[in-house]
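# Got a sequence here, can you model it:
(chains A and B)
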Number of protein chains: 2
Amino acid sequence: MDEVTLKMIELLKTRTDIAKEIGEVKKNIGKGVTDEAREDSLRGKVISLCNNIGLDETMATKFLNFLLNESVKVQSRNKQTHLSIFLKAKSLEAQGKKIIHMEVGEPDFLPPKIVKDALEEVFDKGFLKYGQVKGMPVFRESLAKYVSKKFNVNIQQDNIIVSPGARFSIFTAITTLLNPGDEMIVIEPAWPAYKDCALNAGIKVRTINTTVEDKWEPSVEQIKSTINSNTKMIVLNYPNNPTGKILNEKLQDEIIQLAKENNLYILSDEIYSQYAKTSWKSILSYNYEKSIVTQSFSKSHAMTGFRVGYGIADSKIIEKMAKLEALCLTNVPEAIQYVAMKALEADTSNNTNTVQTRLDVLSKKASEMGLDFVVPDGAMYLFARINQEGFDGVNFANSALEKGLAVAPGEGFGNYKNFIRLSACQDEEVLVEGMNILGNIMRTNN
Amino acid sequence: MDEVTLKMIELLKTRTDIAKEIGEVKKNIGKGVTDEAREDSLRGKVISLCNNIGLDETMATKFLNFLLNESVKVQSRNKQTHLSIFLKAKSLEAQGKKIIHMEVGEPDFLPPKIVKDALEEVFDKGFLKYGQVKGMPVFRESLAKYVSKKFNVNIQQDNIIVSPGARFSIFTAITTLLNPGDEMIVIEPAWPAYKDCALNAGIKVRTINTTVEDKWEPSVEQIKSTINSNTKMIVLNYPNNPTGKILNEKLQDEIIQLAKENNLYILSDEIYSQYAKTSWKSILSYNYEKSIVTQSFSKSHAMTGFRVGYGIADSKIIEKMAKLEALCLTNVPEAIQYVAMKALEADTSNNTNTVQTRLDVLSKKASEMGLDFVVPDGAMYLFARINQEGFDGVNFANSALEKGLAVAPGEGFGNYKNFIRLSACQDEEVLVEGMNILGNIMRTNN
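Okay, here's the model as predicted:
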């Protein structure tokens, strides 16, 4: 066995040397063939070899992925995202500058009043000690009822895990359900965390690029041709961040059908469901045992700072996610869980109305200014293309900051260099003021 | 390049076949040579081959680790730990049974009164929104001052990251500082999370077993002989969970020196520093740029349920940890941070006295009963061997539960089947009652 291993190490050396040479050549002739196409062809060859010699395909492709990662080395690309602009804006504010925040998805209104009362009750009610990983049974029961009623489905306590934000449920779902070498499909533009969580876990991400021309709709054919034997999960996020898109029911049905046929997990991030303007259907309603839905109190209840969300899935999936949550952080503070549980009693329809009115104002203004966008079906954002020669969202976002306006560069959501994302999380007058600043910059740049 | 890769796949097939055969043989003849010794020898061969052919040693040993993992497959051992006993105890309580909790390290006293006031202030003070990953600057500043004063060191805000419990800082430190294939040294008995976090990240754990006969002291020679070129970190935890051990200063100095000489990270979990009975020195006082110290409000301030702790390290290390914290959960809720910040103002010396008195009571009782243990230098536990023919901590813990006593089996802390851990987190009378139940079971078993 040692002999075989040592022979493999020798080949590893040969392979590394060749990779270096190819890297040099590529640098000299420009980009050439994309890595993705080359990798696909190599994967095909490996799979057919596996069939010939009787080696487990999964093992071999994981091995291949290990080799590819070793030669490529995933560099954390220092992309500018809504978050980096947010941090810059914050430090400018600390210097006394006035900034209009249209870069982050953080409602400017307060959490429900009941949250204040609940915080005052925490100590005397004794929510002070270690608790169960998946969350307090009474809270999970409330969530199960809330979700079942709201989305007209049948969800039990066992299907719920409370997590510090939907983000953590996304992290645990991707990390525990997939293995290094597995592949995950993300439809872009998309919130960057899906991809980042996958890369962190050694998962290969295949992106499907949608366009403003196609009204941000992926085609079933696109998805079909992206699926291979390593594909294990597809991520959906409707109402979408950043485009506000909601898929029409027929297309959504077809995508779910495709996922079922290929035995894929569906990770459906539905934190903007409260802000759907047109007809929207939760993935829960398909009753698919390999679906994971994430929800949060951040947007619906304006509780971003409380870091509380939840995952909804088959109990076997929940158990897997719980193992990693236990390892990382034991559980979500029961104080926070109690507060969130009380918040469920609040009527938040006002938040919905507010955001929708603001989105309308934003859309009207953007349309007057000649921006290219699709009127959002929901969520809290407008994703618009600026049709100017050489426009670069990152440069634009940075120069807009100097004029007192923070916007999110499109690049953070995928290959959308000439787009920016505008958040409808401020008062209407402030939004109009922000859009006027934007218009001024555009005129100066022209 | 494809050709080389395909040749490697063929060898992978050969290797897998041989591994299967060896597995069969091993099953038939019993255990034989340990995997660890065989792996060490193979690693030696690989390294010398690397020197001969000029291949990067780190890359090759990572590759080897990948191969070894593929054939071994890390199974999550379903060990019984203090946590599984705690959960069983909780469900018995739910059925109306009275249980004395000597299994978990959760102080029975309340958080400081100021915590109640702080919770009531959170809403009006506006700690409700997204915040900075590493924690609120004002809180990190308070922590830096608190730590600097308490341990007589010079710590700045940049050296602090706030995390949901020390656990999460341990998770991020291990995951971001080490790479799959790297090795980490854990001195056992130890809290299981260090090992679990490492396994989760594909890190190889080398354990050093200490004994009650040697007063739980590791020898420098033991550590020295465990270090190899892949060793990247050593974990320290003094005052220790579960033994209560504090290293004498000379031995600690020597271990730190050894770590420096070998360029190892030192992860020092110091959450029991508040409960040191004998002289104790924080690892911070060595000013070693590759040390990471974790602290928590759980034990010192009886705030287990708030899930708030922090990591202290060089700012470059903090930045790495922050990247993973941002990916997983954005930040710790500012509400929780504010409450913890206020808790820093409280005088917690009473907690220290209470736990020390209880530990004394526990030690006296255990000594009368003829248990084998070393009187703890600190922390909140007593780790004792039960000298009975065929004693098994797991069976014992399960049968004790039926008699109304929860204890933690030694197995959860390493290879300590005939040990149990007893927590001093109850009133003295309750502890005596618990020890009497324990004595009864021992007499029945004899």
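# Where do the helices of the stretch 101-250 of chain A begin and end?
Counting by DSSP state H, counting those that start in this stretch, one finds helices in the stretch 101-250 of chain A at the ranges A:113-125, A:137-151, A:165-177, A:193-200, A:220-226, A:249-261.
# So A:Tyr194 is in contact with A:Phe171, correct?
No: look at A:Tyr194 against A:Phe171 with CB atoms under 8 Å: they stay out of range, at 9.9 Å. Any C-beta I mention is one placed from the backbone N, CA and C, and that applies to glycine too.
# And the helix or strand bottoming out on mean pLDDT in chain A, what does it pack against?
Scoring the helices and strands of chain A by mean pLDDT, DSSP states H and E places helix A:57-72 at the bottom, with a mean of 68. Secondary-structure packing of helix A:57-72 (3 or more CB pairs under 8 Å, 6 or more residues apart in numbering or on different chains; DSSP states H and E): helix A:2-29, helix A:35-53, helix B:2-29, helix B:57-72.
# For it, could you pull out the residues that count as buried?
A:57, A:59-68, A:70-71 (16 or more other CB atoms under 10 Å in any protein chain shown).
# Could you give me the buried positions within the next helix or strand after that helix?
Moving toward the C-terminus from helix A:57-72, the next helix or strand (DSSP states H and E) is helix A:82-94. Within helix A:82-94, the residues scored as buried using 16+ other CB under 10 Å are A:82-86, A:88-89, A:92.
# Just give me the closest of those residues to B:Gly165.
Here the nearest of these to B:Gly165, counting by CB to CB, is A:Leu83; it sits at 24.0 Å.
# returning to that earlier point: mind checking the helices of the stretch 101-250 of chain A for the one nearest to chain B?
helix A:113-125 (3.8 Å; CB to the nearest CB).
# Tell me what angle that closest one forms with helix B:113-125.
180 degrees (axes from the mean of the first three to the mean of the last three CA atoms, to 10 degrees).
# near chain B at all, helix A:113-125?
Yes: contact between helix A:113-125 and chain B, assessed by CB under 8 Å from any CB of the partner chain, occurs at A:115-116, A:119-120, A:122-124.
# what does the stretch 151-300 of chain A put close to chain B?
Checking the stretch 151-300 of chain A against chain B by CB under 8 Å from any CB, the hits are A:164-165, A:167-168, A:171, A:193, A:196-197, A:200.
# Now for these, which sits with the most neighbours around it?
A:Phe168 (31 neighbours; other CB atoms under 10 Å in any protein chain shown).
# mind showing which ranges of the stretch 301-446 of chain A have poor pLDDT?
A:446 (pLDDT under 70).
# let's see it at 80
For the stretch 301-446 of chain A, applying pLDDT under 80 flags the ranges A:445-446.
# Enumerate the residues of it near chain B.
A:302-308, A:323-324, A:326-336.
# go again using 6 Å as the cut-off
Counting by CB under 6 Å from any CB of the partner chain, the residues of the stretch 301-446 of chain A close to chain B are A:304-307, A:327-330, A:333-334, A:336.
# hang on, the earlier thing: pick out the lowest-pLDDT one from the buried residues of helix A:82-94.
Lowest pLDDT within the buried residues of helix A:82-94 is found at A:Leu83 (80).
# Against B:Ala60, how distant is it?
The spacing between A:Leu83 and B:Ala60, counted by CB to CB, to the nearest Å, is 37 Å.
# Likewise for A:Ile437?
56 Å.
# What of A:Thr357?
With CB to CB as the criterion, A:Thr357 and B:Ala60 are 62 Å apart.
# And for A:Val361?
Per CB to CB, A:Val361 is found 60 Å from B:Ala60.
# go on, A:Asp347?
From A:Asp347 to B:Ala60 the distance is 62 Å (CB to CB).
# State the distance spanning the first to the last residue of stretch A:330-349.
33 Å (CA to CA, to the nearest Å).
# List the contacts of it.
Under the contact criterion CB atoms under 6 Å, 6 or more residues apart in numbering or on different chains, stretch A:330-349 has outside partners A:112, A:114-115, A:118-119, A:122, A:127, A:131, A:133, A:135-136, A:139, A:142, A:146, A:162, A:164, A:297, A:300-301, A:306, A:308, B:165, B:305-307, B:333, B:336.
# burial measure for the closest residue to A:Asn241 other than its chain neighbours, as a count.
Nearest non-adjacent residue to A:Asn241, counting by CB to CB, 6 or more residues apart in numbering or on different chains: A:Trp191, 4.9 Å away. Using other CB under 10 Å, A:Trp191 is surrounded by 24 other residues.
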